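Engineer: here is my input; please provide its structure:
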Amino acid sequence: MYTGQARVSEVIETHMSTGWAHTPVAYQNVQFDDEVPEFVKLHILWTGSRQASMGGERNKHRFFGMAIVQIYVPVNSGTRHADQLAANAVELFITKQFQGITFLTPDPVTIGDDGHGKYQVNVNCPFYYDDLV
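Structural biologist: Sure, this is the predicted structure:
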């Protein structure tokens, strides 16, 4: 039975909310006050799928995604704090496996000035999960 993206998103959001105590967290499509000095946004993107096995009564399908932790700190505050928050995000997701979700190696990417008074670093965390259908 296909468990779906909603379950996986919920599991990832719960992992973030229980494992991240460094800043407030904004979640997709949830109202958030981004006027705080620093915060992170969690986005979950779905990037593809493929059939991973066939021939049985039920076949394995692999679904791929990316959890993106967007880190925002004040512009002109240096890069060390943003880089440390990025390292914390990498640590939270790097090669973790839980509830059928497998995370691969995260990729920190410096964005820089976002044009709204914040300095931004993204941590792209690829993952996949398998479902029997």
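
Engineer: where's the residue lying closest to E13 once chain neighbours are set aside relative to H43, distance?
Structural biologist: Distances taken as CB to CB, 6 or more residues apart in numbering place Y27 nearest to E13, at 5.9 Å, with adjacent residues excluded. (Glycine included, C-beta is placed from N, CA and C.) According to CB to CB, to the nearest Å, Y27 and H43 sit 9 Å apart.

Engineer: next: Y72.
Structural biologist: Distance, Y72 to H43, by CB to CB: 13 Å.

Engineer: ok, E91 next?
Structural biologist: 19 Å.

Engineer: more crowded one of those two?
Structural biologist: H43 (14 against 11; other CB atoms under 10 Å).

Engineer: and that one, what does it touch?
Structural biologist: By CB atoms under 8 Å, 6 or more residues apart in numbering, H43 lies in contact with 28, 67-68, 70.

Engineer: are any of those buried, and which?
Structural biologist: 67-68, 70 (16 or more other CB atoms under 10 Å).

Engineer: quick one: those residues as JSON lines, columns for secondary structure too.
Structural biologist: Listed next are the buried ones among the contacts of H43 as JSON lines, based on DSSP: H, G, I helix; E, B strand; the rest coil:
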{"residue": "A67", "secondary structure": "strand"}
{"residue": "I68", "secondary structure": "strand"}
{"residue": "Q70", "secondary structure": "strand"}
